[in-house]
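Peer 1: Here is a sequence together with a model predicted from it:
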Amino acid sequence: MAEATYPQLEGEGLALRPWDEDLAEQMGNWGVRGFPYHAFDLLHLKDPVKRALTVESCREEGPHRHFVAVEDGVAVGRVSVNLRDPTGSYIWAVHVPPEHEGRAVCRRMLAVLMRWLEVEHPRPSFALTANAFNEHAHRAYGALGFEVAETRWNYDREIAEALWRVTPKQREPVQRLIRFQNGRWQTKVHIFRRQPGAPMDLGIRESEGAAT
């Protein structure tokens, strides 16, 4: 297995660790939300071959760093960051499964990550993208100092494939946030930005969903 070239991060009651087989197996057993959150389902990690390949990929050299948030030995969230994105430190794959919501895991995980990035990989700003329907995540990002900088239409392959499979009635809750254009489904997304050093509120108020 490739050796991760970045440290384990500690803080806010969490350890942010590089992916490994044990953590990936735990994540394969996480609860799932179903439509329209398919991009955050990790059921493929139940397959030993796919799990090993994913772990290997997440430990490769390159611009991306992939972390699993661990609390008392239990995987409770995950997050990745692109250190070389032209927009700044681009955070993606922010994911807290349903069974670990309600304890500010999302806020705590991102706070630990961003503090490390500000010291070890300083960039002009932080950026992330969230689907417009994920209001729980929006509240968590706002508490961490992120603000919506732009809203646009985006093609997400997994969500687009799901939109073909669900009924019109199942699409109703997100109808105003999706559209069919140029032969494929698109989803409205918000681009969030945060300046380094912006205040962060890590208080627990209500459950925080998975994000990007």
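Peer 2: In hand now; what should we look at?
Peer 1: what are the phi and psi values for the residue most central in space within the chain?
Peer 2: The residue at the geometric middle of the chain, judged as the C-alpha nearest the mean C-alpha position with Cα atoms, centre = their mean, is residue 94 (1.2 Å). The phi/psi pair for residue 94 (degrees, to the nearest 10) reads phi -80, psi 120.
Peer 1: How about residue 168?
Peer 2: According to degrees, to the nearest 10, residue 168 has phi -60, psi -40.
Peer 1: same question, residue 79
Peer 2: Dihedral pair for residue 79: phi -160, psi 150, per degrees, to the nearest 10.
Peer 1: Offset the numbering so it begins at 246, please.
Peer 2: Understood, numbering begins at 246; the last thing we discussed is residue 324.
Peer 1: elements contacting the longest helix seen in the chain?
Peer 2: Selection of the longest helix in the chain by residue count, based on DSSP state H, yields helix 350-365. Based on contacts counted as 3 or more Cβ pairs under 8 Å, 6 or more residues apart in numbering; DSSP states H and E, the elements that helix 350-365 packs against are strand 254-256, strand 259-263, strand 309-316, strand 319-327, strand 334-340, helix 380-388. For glycine as for every other residue, the C-beta is placed from the backbone atoms N, C-alpha and C.
Peer 1: Report all helices and strands that the second one contacts.
Peer 2: Think strand 259-263. Based on contacts counted as 3+ Cβ pairs under 8 Å, 6+ apart, the elements that strand 259-263 packs against are strand 254-256, strand 309-316, strand 319-327, helix 350-365.
Peer 1: Can you identify the element that follows the longest helix of the chain toward the C-terminus?
Peer 2: Once the chain leaves helix 350-365, the next helix or strand it forms, by DSSP states H and E, is strand 371-376.
Peer 1: Buried residues in that following strand, which are they?
Peer 2: Counting neighbours by 16 or more other Cβ atoms under 10 Å, one finds that the buried residues in strand 371-376 are 371, 372, 373, 374, 375, 376.
Peer 1: now stretch 330-343
Peer 2: Buried residues in stretch 330-343 (16+ other Cβ under 10 Å): 332, 333, 334, 335, 336, 337, 338, 339, 340, 341, 342.
Peer 1: Just the C-alphas of that stretch, formatted as PDB.
Peer 2: As requested, C-alpha coordinates have been extracted for stretch 330-343 and formatted as PDB (Å, rounded to 0.1, in the frame of the first residue of the first chain):
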ATOM      1  CA  ASP A 330      -6.600  24.300  -7.400                       C
ATOM      2  CA  PRO A 331      -6.400  27.800  -9.000                       C
ATOM      3  CA  THR A 332      -9.300  29.000  -6.800                       C
ATOM      4  CA  GLY A 333      -7.300  28.300  -3.600                       C
ATOM      5  CA  SER A 334      -7.600  25.400  -1.200                       C
ATOM      6  CA  TYR A 335     -10.500  23.500  -2.800                       C
ATOM      7  CA  ILE A 336     -12.300  21.300  -0.300                       C
ATOM      8  CA  TRP A 337     -14.500  18.500  -1.600                       C
ATOM      9  CA  ALA A 338     -16.100  15.200  -0.700                       C
ATOM     10  CA  VAL A 339     -17.300  16.600   2.700                       C
ATOM     11  CA  HIS A 340     -19.300  13.700   4.000                       C
ATOM     12  CA  VAL A 341     -20.900  12.900   7.400                       C
ATOM     13  CA  PRO A 342     -23.200   9.900   7.400                       C
ATOM     14  CA  PRO A 343     -26.700  10.100   9.000                       C
END
